[in-house]
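Participant: Sequence plus predicted model, see below.
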Amino acid sequence: MKGNTIDGWYSGKHRDFGANIQAVPCPDGLPIWTSDAMPGQLHDLTCAQRLNVAGALYWAASELRLPTLADAGYEGAATPS
């Protein structure tokens, strides 16, 4: 109901309880890092920013010349200045 507190693990988008877990895989798909579970109500980009995922990806791009592929949930992520 309107005005009630919503549980942080409830995703309005999916209309169910869940978690948001960020992952960084190798090019072959093998995960090299996964985050702890974060509340499902948080947007992908918000989770990535709180975990500084972009910092690690910028480093990999500049030092290792590895490109980053991401889904549409990360659209609008800032680029380094």
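Facilitator: Sure thing, it's come through. Numbering: from 1, shown residues only.

Participant: tell me the phi and psi of residue 63?
Facilitator: Dihedral pair for residue 63: phi -90, psi -30, per degrees, to the nearest 10.

Participant: where are the low-confidence patches of this protein?
Facilitator: The model of the chain has pLDDT under 70 over residues 1-6, 14, 76, 78-81.

Participant: residue ranges for the helices of this protein, please.
Facilitator: Using DSSP state H, the helices found in the chain span residues 44-50, 53-63.

Participant: Give me whichever of the ones you listed is most buried.
Facilitator: Comparing the helices of the chain on average neighbours per residue, with mean count of other C-beta atoms under 10 Å, the densest one is helix 44-50 at a mean of 17. C-beta coordinates here come from the backbone N, C-alpha and C atoms, glycine included.

Participant: And the contacts of it?
Facilitator: With contacts defined as C-beta atoms under 8 Å, 6 or more residues apart in numbering, helix 44-50 is touched by 20, 22, 35, 38, 42, 54, 71, 73, 74, 75, 76, 77.

Participant: what number of residues lie near the last one?
Facilitator: Think residue 77. 15 (other C-beta atoms under 10 Å).

Participant: same thing with the first one?
Facilitator: Counted with other C-beta under 10 Å, the burial measure for residue 20 works out to 19 neighbours.

Participant: what's the first-to-last distance across stretch 25-33?
Facilitator: Terminal residues of stretch 25-33 are spaced 7 Å apart (C-alpha to C-alpha, to the nearest Å).
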